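>>> Turn this into a model:
(4 chains)
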4 protein chains.
Amino acid sequence: MINVGVLGATGAVGQQFVELLADHPWFNLSTLAASERSAGKPYSKVVNWRLETLFPEKIGEIKIVPTSPKAMKDVDLVFSALPAEIATETEREFADAGIAVCSNASSHRMEPTVPLVVPEVNPDHLGLIEVQRDAGRDGFIVTNPNCSTIMMVTALAPLRIFKFTDVRVATMQAISGAGFAGVAAMAIYDNVIPYIGKEEEKMESETLKIMGTLKGKSVKNAPFKVSASCHRVPVIDGHTMAVWIDIKEPVEKLSRAFCDYKPPIKGLPTQPKESVHFFADEPDRPQPRLDRMRGDGMTVSVGRLREGVRFVAMGHNTIRGAAGASVLNAELIMKKKYL
Amino acid sequence: MINVGVLGATGAVGQQFVELLADHPWFNLSTLAASERSAGKPYSKVVNWRLETLFPEKIGEIKIVPTSPKAMKDVDLVFSALPAEIATETEREFADAGIAVCSNASSHRMEPTVPLVVPEVNPDHLGLIEVQRDAGRDGFIVTNPNCSTIMMVTALAPLRIFKFTDVRVATMQAISGAGFAGVAAMAIYDNVIPYIGKEEEKMESETLKIMGTLKGKSVKNAPFKVSASCHRVPVIDGHTMAVWIDIKEPVEKLSRAFCDYKPPIKGLPTQPKESVHFFADEPDRPQPRLDRMRGDGMTVSVGRLREGVRFVAMGHNTIRGAAGASVLNAELIMKKKYL
Amino acid sequence: MINVGVLGATGAVGQQFVELLADHPWFNLSTLAASERSAGKPYSKVVNWRLETLFPEKIGEIKIVPTSPKAMKDVDLVFSALPAEIATETEREFADAGIAVCSNASSHRMEPTVPLVVPEVNPDHLGLIEVQRDAGRDGFIVTNPNCSTIMMVTALAPLRIFKFTDVRVATMQAISGAGFAGVAAMAIYDNVIPYIGKEEEKMESETLKIMGTLKGKSVKNAPFKVSASCHRVPVIDGHTMAVWIDIKEPVEKLSRAFCDYKPPIKGLPTQPKESVHFFADEPDRPQPRLDRMRGDGMTVSVGRLREGVRFVAMGHNTIRGAAGASVLNAELIMKKKYL
Amino acid sequence: MINVGVLGATGAVGQQFVELLADHPWFNLSTLAASERSAGKPYSKVVNWRLETLFPEKIGEIKIVPTSPKAMKDVDLVFSALPAEIATETEREFADAGIAVCSNASSHRMEPTVPLVVPEVNPDHLGLIEVQRDAGRDGFIVTNPNCSTIMMVTALAPLRIFKFTDVRVATMQAISGAGFAGVAAMAIYDNVIPYIGKEEEKMESETLKIMGTLKGKSVKNAPFKVSASCHRVPVIDGHTMAVWIDIKEPVEKLSRAFCDYKPPIKGLPTQPKESVHFFADEPDRPQPRLDRMRGDGMTVSVGRLREGVRFVAMGHNTIRGAAGASVLNAELIMKKKYL
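A predicted model of the protein is given here:
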């Protein structure tokens, strides 16, 4: 067991980290960092717990520390739920101070030496950790992609055995993706908002890095194009997306690829039994309310595979798409002995 | 003024017909037909009025008649809000009895001699009325497309001046599209249902007929392909859709096409000032709650035009996409003197 | 016609004021005030129009002025949609500068010399304007109550002919009551929040002043008690409330009182045909979505009157319960020639 | 372990029974009954599983039997999720055939010899089982109250030590209370429906029986009055209610009563650690989305206790308020050795 901490522990993703780490078999959640004004107070007094699961009482006693490597000396790894504008500098400080950073922030995702990893898709990209270390850093930064990107690349992984060059995706994203206070009820109720800032750009660029090839000290982008159209819908949790992919094989072969799929990693505590659940027969699945908690929120569901080729993918955006993704990355780091 | 009637007057679309016809300048709503058990009772006693507008009291006194040409002798034209399984036979009976039928039902849409018309898109297709008459029928049937198809073809009309062969569309459709009792609250609340029976097939076939060319006695399908992915979202009224179209021109030219667009018809009472409202600058529009009532529910809104080429279209599904579409067709029939 | 202005013109209630005043027969909306940083810009550029009705284009050209009497010299009356913390001081300045203030803010409601008025309930309380004038002020302040209070006192007005001493009310309030950004979607979706800050206190005190008696220079509170329990529910517009009142008469007599009710004023432009609509027979009404726009949003609906005595009241909280209430007060002020 | 069955196993409450019984320590779920046309097919093929928890695969293999004592000979106890109109006769047949019936249906609740039980409130009422047996029946019927009633009586239990005569309750009830298809999305979205058939009557009569006194062979109603106003709100699960009770003691004493409360039973597997969770300090709790799963859905939450005396109670309507209530009754029956 190693000691770990959470940066930004009181926010929406921060609370999910706490939830996932409270009883983790490999990680001892020893330290929680939040804003200056919370420092010194017990977590239970500063967090406004908004998850539908019960508050983990023992974690509630942990005293908040400021967000600095000095205040978190006893941890080997931190999970970052920081907003991007703070994460850029702060995560770098932690890495320079010898601490491993598993970040959900977008700040460093596209840096050439920072791995952007979904364990089931590109576990070997962790090799970039060596490049960071060779550059003289004691710690390192590993990132996971944007929530929508995670669902899509996890769903695309079984289809990599086929040739394709063109992916279109229209998302129907949950309100929790914007944080607890991110979307006003008056804005989204009885409505669709056909715009999420920078979301399309992230899906279009991050996907190519993740599905690209690590060659020597850098990643070569995957050779296809992604065109995204992102929309917010009145759903609490779970991003649904309609995907088109120009694979010329018969649909039955793709169906078999989904059914037979085995991810390239196994044995990680947070890894679900199925990284992709494939609905072969149910015509109206996946649905966010019924399927988002599959695999404790870590399984991506795929259905409605049909000529076109078209299919629908769906996953839990704050678990599989955020905190759970970072924790899974940390577990892979441990398993591969980078720590 | 001619006398008109409504078939299926108590349902969701039937109520919209009554609302639109209660004070119509060209049509005198004289007769309402509904199921046998309602016959003889005043409309006010058998309808469970669910529109947010006030019930038109004077129409409430009209006594329901059975759904047969005999019972509706004094009308020249009927609007059909019948379910497809009943419409097939019944609408034929009315047409054979010399009555014009403007139908929102899907039954006859794809018949070669039945016009499938959106006035702003293919007014000339009404020419098929002559073909029906030549075949010895006194009346005739004119249909409007499925609600999602209407939004899409209306939004595509300004882009017809460009070449394209491939259209993809992902819809986010309102619950009212399934009728008052069509979707259970438990099914759609906090959820997306990625399936609507036959909707994708309708969008893919109807679009090609509407945007096709009337040559002699038949319509030649438009020479492009449509691939649709249809989803139900928790919105009361207003179908939103993300569209990709393979036009190779710069986006600015498409933007100008939307701005400069003038529909080929004018002067119909139910026609909105703008058949297409184009949001050139607002990044997060159209939105169903804010834009569905534009043009009294008859305007289709388009926005987020960007490289790809991608855009978002939205319109009111029970007004522009159903009852309003039939009424507009009837107005065009009058104006073109088919009646 | 007199010139009027709106303070806080860009917010939720401010937009409703603009909507109601854009074509008013007695008031010429000439001036709009908002925060310093908007001053000098046309309204269309600073407002994020969120109403479902179309933006009134001609008002859009009005240039914003700062919120001060000096900047609004040409107006005789201002409508205040200011937040309470600003309203206290600012409204006083306007009144001292000789301008009539019709305020929706809570700041001055309970001041002994400020009329707290619902025209159908206590029009004579405007007499307090004289008291303000006698104290040397050129202008004056007139207020309308909190949104929930308005619905309740309007519904209670027809029952004043009976004796009662005890009123209990449980509210189910719409999210628009908290302003556009007041309630996060994550907070209220699939949820009830059983608490609205100060709402219960307002209902319990304001009701007694409104239904009290103007005697000489002050109002004597009404001799009954109100006990309120206030809850937020996932409804966009329309506050619903369950009311108990200890009237000992048979329910039929109360029913007749509702049916026969005539409000003590008439002929005001914003006044609805029915100030109270009574559902005598429909067992499941009123409902916010179906009934909130009755009387253009100015009618309070009452139903489910039954032994207990219990009934349900409902009205549109941002029209009848806010902007419309202030406009109606201003119309009464004109009619009674206080201006 | 005894063998148990479920009547009406495919519906909303039936599925909750299956979920609660799939791994029960005392009950072996061996038999599932549903409508004739499902008989003979495995449960997995006839149920449309709508719970957000994963389908219990091993139960899926059980073959459906018809709803008759003959077809369910191997069970000692059945849980009834039958609709009231079928339950009246069918439950009697099972009881006469020597089978214990724990019913969630309303049919027999008010029969003088049938216990209407909430284990934490009136466990001794099970004594009526002897009366049924004395009348010559081999089996017996035990019922649990209506969902709203359960929340209220559980919340009132700690206050029984005080004197009161008058209870008022306004409910805000979830849509799941009407079954999967019971409420149309068009009916409840952005709306409140201030009427639920027979709900008020049930709360007013059932409460008095449950909180009454078993004397000899019958229950004497509790000596207070209940007046209810019931409303449906757009919430998936969790009934919230505002309660007034005329206790004259200071609020602090009631607060202590809630804090110190110990229910009269213990050691039942489905019994939560707290039957009542009291929010002493949080001003805006309980909330259905955040608190309904407390105690695995079996805890009733109480908050906002204040002068009046008023408070808010909330609980999960399909778990604590339906299936869980019946299962808890069955556990009490076992513990008290009636089986």
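>>> Residue numbers of chain A in contact with chain B?
A:168, A:170, A:172, A:189-195, A:227, A:229, A:231, A:233-236, A:238, A:240, A:242, A:244, A:283-290, A:303-304, A:308, A:310, A:312, A:314 (C-beta under 8 Å from any C-beta of the partner chain). C-betas here are computed from N, CA, C, even on glycine.
>>> Which among these count as buried?
A:168, A:170, A:172, A:189-195, A:227, A:229, A:231, A:233-236, A:238, A:240, A:242, A:244, A:284-290, A:303-304, A:308, A:310, A:312, A:314 (16 or more other C-beta atoms under 10 Å in any protein chain shown).
>>> Can you give me the neighbour number for residue A:253?
12 (other C-beta atoms under 10 Å in any protein chain shown).
>>> could you check the distance from the residue nearest to it when sequence neighbours are not counted over to residue A:261?
Leaving out its chain neighbours, the residue that sits closest to residue A:253 by C-beta to C-beta, 6 or more residues apart in numbering or on different chains is residue A:162, at 7.6 Å. Computed as C-beta to C-beta, to the nearest Å, the residue A:162 to residue A:261 distance reads 12 Å.
>>> With neighbour numbers in mind, choose between these two.
Neighbour totals were compared for residue A:162 and residue A:261, and residue A:261 leads with 18 against 15 (other C-beta under 10 Å).
>>> where does the residue nearest to that one when sequence neighbours are not counted land in three-state SS?
Spatially, and ignoring its direct neighbours in sequence, residue A:261 is nearest to residue A:158 (3.8 Å; C-beta to C-beta, 6+ apart). Assigned with DSSP: H, G, I helix; E, B strand; the rest coil, residue A:158 falls in the helix class.
>>> Next up, the contacts around residue A:158.
A:257-258, A:260-261, A:276 (C-beta atoms under 8 Å, 6 or more residues apart in numbering or on different chains).
>>> For my notes, please list the residues you listed in a markdown table and give distance to residue C:249 for each entry.
Formatted as a markdown table, the contacts of residue A:158 follow (distance: C-beta to C-beta, whole Å):
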| residue | distance to residue C:249 |
| --- | --- |
| A:257 | 75 |
| A:258 | 70 |
| A:260 | 76 |
| A:261 | 73 |
| A:276 | 68 |
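>>> Quick one: buried ones out of those residues?
Using 16+ other C-beta under 10 Å, the buried ones in those are A:257-258, A:261, A:276.
>>> just to confirm, which helix or strand has the residue nearest to residue A:253 in it?
Assessed by DSSP states H and E, residue A:162 sits outside every helix and strand.
>>> again with residue A:227
Using DSSP H and E, residue A:227 falls in strand A:225-232.
>>> Just the CA trace of that strand, in PDB.
Extracted as PDB, the C-alpha positions of strand A:225-232 are listed here (Å, rounded to 0.1, in the frame of the first residue of the first chain):
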ATOM      1  CA  LYS A 225     -10.200  11.800 -38.500                       C
ATOM      2  CA  VAL A 226     -12.800  12.500 -35.900                       C
ATOM      3  CA  SER A 227     -15.600  15.000 -36.400                       C
ATOM      4  CA  ALA A 228     -17.600  15.700 -33.200                       C
ATOM      5  CA  SER A 229     -20.900  17.500 -32.400                       C
ATOM      6  CA  CYS A 230     -21.400  17.900 -28.700                       C
ATOM      7  CA  HIS A 231     -24.700  18.500 -26.900                       C
ATOM      8  CA  ARG A 232     -25.900  18.800 -23.300                       C
END
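>>> which secondary structure elements does it contact?
Judged by 3 or more C-beta pairs under 8 Å, 6 or more residues apart in numbering or on different chains; DSSP states H and E, the packing partners of strand A:225-232 are helix A:147-156, strand A:166-173, helix A:199-210, strand B:239-245, strand B:310-315.
>>> For that strand, which outside residues touch it?
A:148, A:152, A:165-175, A:177-178, A:183, A:188, A:192-196, A:199-200, A:203-204, A:207-208, B:170, B:172, B:240, B:242, B:244, B:304, B:308, B:310, B:312.
>>> Need the three-state assignment for residue A:113.
coil.
>>> what pLDDT does it get?
With respect to pLDDT, residue A:113 scores 96.
>>> so it sits right up against residue A:128, yeah?
Yes. Using C-beta atoms under 8 Å, residue A:113 is in contact with residue A:128, at 5.5 Å.
>>> list the residues that contact both of these two?
Common neighbours of residue A:113 and residue A:128 (C-beta under 8 Å, 6+ apart) are A:217-218.
>>> ok, these two, which is more surrounded?
residue A:128 (23 against 19).
>>> Quick one: name the residues of the stretch 151-300 of chain A near chain C.
Counting by C-beta under 8 Å from any C-beta, the residues of the stretch 151-300 of chain A that sit close to chain C are A:175-176, A:179-190, A:234, A:236.
>>> Give me the buried subset of these.
A:175-176, A:179-180, A:182-190, A:234, A:236.
>>> What residue spans form the domains of chain A?
Here the domain parsing of chain A from automatic domain parsing is A:2-146+A:322-335, A:147-316.
>>> how about the first one, does it reach chain C?
The one in question is domain A:2-146+A:322-335. Yes. Applying C-beta under 8 Å from any C-beta, one finds domain A:2-146+A:322-335 touching chain C at A:12, A:50.
>>> tell me the contacts of the residue nearest to residue A:253?
A:247, A:249, A:253-254, A:257.
>>> can you put those in CSV and add secondary structure and pLDDT?
Below are these laid out as CSV (DSSP: H, G, I helix; E, B strand; the rest coil; pLDDT from 0 to 100):
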residue, secondary structure, pLDDT
A:247, coil, 98
A:249, coil, 97
A:253, helix, 98
A:254, helix, 98
A:257, helix, 98
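>>> Pick out the residue of the stretch 51-200 of chain A closest to chain D.
Across the stretch 51-200 of chain A, the shortest distance to chain D (C-beta to the nearest C-beta) belongs to residue A:190, at 5.3 Å.
>>> for that residue, helix, strand, or coil?
Once three-state DSSP is applied, residue A:190 turns out coil.
>>> I'd say it and residue B:188 touch.
No. At 12.0 Å, residue A:190 and residue B:188 do not qualify as touching, with contact defined as C-beta under 8 Å.
>>> Return every residue with contacts to both of these two.
With C-beta under 8 Å, 6+ apart as the test, residue A:190 and residue B:188 both reach residue B:234.
>>> For the nearest residue to residue A:47 once chain neighbours are set aside, give me its contacts.
Leaving aside its chain neighbours, residue A:47 sits nearest to residue A:10 (4.8 Å; criterion: C-beta to C-beta, 6+ apart). Going by C-beta under 8 Å, 6+ apart, residue A:10 touches A:34-35, A:38, A:43, A:46-48.
>>> before we move on, what about residue A:323?
Counting by C-beta under 8 Å, 6+ apart, residue A:323 has contacts A:13, A:16-17, A:19-20, A:79, A:81, A:104.
>>> what's across from the spatially closest residue to residue A:76 that is not a sequence neighbour in the sheet?
Residue nearest to residue A:76 in three dimensions, not counting chain neighbours: residue A:2, with 4.6 Å by C-beta to C-beta, 6+ apart. Beta-bridge pairing of residue A:2 under DSSP bridges involves residue A:27.
>>> Skipping its backbone neighbours, what lies nearest residue A:67 in space?
The nearest residue in space to residue A:67 (C-beta to C-beta, 6+ apart) is residue A:33, at 4.3 Å.
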